[in-house]
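In: I'll drop the sequence and a predicted model, then ask my questions.
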Number of protein chains: 2
Amino acid sequence: MAAELKQPIKRVGMVIGIREEKIETYKALHADDHPGVRDLLAKYHIHNFSIFLHKLDDGRYYEFAYYEYTGTDYEADMAALATEPRNREWLSLCDPMQVPLAGETTWAVMERVYYNP
Amino acid sequence: MAAELKQPIKRVGMVIGIREEKIETYKALHADDHPGVRDLLAKYHIHNFSIFLHKLDDGRYYEFAYYEYTGTDYEADMAALATEPRNREWLSLCDPMQVPLAGETTWAVMERVYYNP
């Protein structure tokens, strides 16, 4: 009869480079009216997902992502998402547009140092 | 009798450099148990505010901020927040720890290229 223990929301920030010549294509794939893998993100409890773009002082463009994970088993959900054929297909489109940081193979997860509701 | 028109939430992403030797002090000021200007953020409708930290390939550290503005007059609220004495005092502590991008005097506002609820 007791309510399930509610997990706190996990807030994730990530960073990756993007090739300047691919920015317009990337934006079109991520436009509000493009379905992409939006349904799969929801299936695996990934919500309130924003991606921002900015040119830094090294002259290169970077993407910064923020999302909230509302499920109860982050590792299992991320592993399951990674095996979804449509997600693999999606990444095969997006990955070549992006430039992971040194030592990374995909988005680098950042350290969170502040939160205020 | 009609409900007020509800403004859509404005999602803001920002980036700025941080001096490596100031990171520990910055973290202490932004720790969960440090009041800072949390009350002023709420007063001016700034919510769900996260700051992330990461070292990029130029060897420098950067901060990435995400917040949601839930009010109805963003420009006016930001202008009012900027005049709050406690906010000015807070910025006088934080600003010297940070390194704005070229051409900026504070956090650079990034372009949002994706959103999924």
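Out: Received it, and whenever you're ready, just let me know what you need. Because the structure is a prediction, the values reported are computed rather than measured.
In: Identify the residue nearest A:Thr72 in space, chain neighbours excluded?
Out: Nearest residue to A:Thr72 in three dimensions, chain neighbours excluded: A:Gln7, at 5.1 Å (CB to CB, 6 or more residues apart in numbering or on different chains). Just so you know, the C-beta spots here come from the backbone N, C-alpha and C atoms, and that holds for glycine as well.
In: dump the residue contacts of the one you found.
Out: A:Thr70, A:Gly71, A:Thr72 (CB atoms under 8 Å, 6 or more residues apart in numbering or on different chains).
In: want to try CSV for those, with neighbour count as columns?
Out: CSV is the format used below for the contacts of A:Gln7 (neighbours: other CB atoms under 10 Å in any protein chain shown):
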residue, neighbour count
A:Thr70, 17
A:Gly71, 16
A:Thr72, 12
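In: which SSE is the spatially most central residue of chain A in?
Out: Among the residues of chain A, the one closest to the centroid is A:Ala65, at 5.5 Å (CA atoms, centre = their mean). Per DSSP states H and E: A:Ala65 is located in strand A:61-69.
In: And A:Leu53, by the same measure?
Out: strand A:46-55.
In: Quick one: residues in contact with that strand.
Out: A:18, A:23, A:30, A:41, A:61-70, A:77, A:81, B:11, B:13, B:15, B:66, B:108, B:110-117.
In: Now, of the residues you listed, which are buried?
Out: Neighbour-count burial (16 or more other CB atoms under 10 Å in any protein chain shown) applied to those gives A:18, A:23, A:30, A:41, A:61-67, A:69-70, A:77, A:81, B:11, B:13, B:15, B:66, B:108, B:110, B:112-114, B:116.
In: What distance do you get for A:His30 to chain B?
Out: 4 Å (CB to the nearest CB, to the nearest Å).
In: what bridges to the residue nearest to that residue when sequence neighbours are not counted?
Out: Setting aside the residues directly before and after it, A:His30 is nearest to B:Tyr114 in space (CB to CB, 6+ apart), at 4.0 Å. Taking DSSP bridges as the rule, B:Tyr114 bridges to A:Ile51.
In: Can you report how many residues lie near the nearest residue to A:Thr106 once chain neighbours are set aside?
Out: Nearest residue to A:Thr106 in three dimensions, chain neighbours excluded: A:Pro100, at 5.8 Å (CB to CB, 6+ apart). Close neighbours of A:Pro100, defined as other CB atoms under 10 Å in any protein chain shown, add up to 15.
In: Tell me which residues touch A:Pro100, please.
Out: A:Ile16, A:Gly17, A:Thr106, A:Trp107, A:Ala108.
In: Okay, it and B:Glu24: tell me how far apart.
Out: 28 Å (CB to CB, to the nearest Å).
In: Which pLDDT does the model give A:Pro8?
Out: Note on A:Pro8: pLDDT of 88.
In: ah, wrong one, I meant A:Glu4
Out: For A:Glu4, the model assigns a pLDDT of 55.
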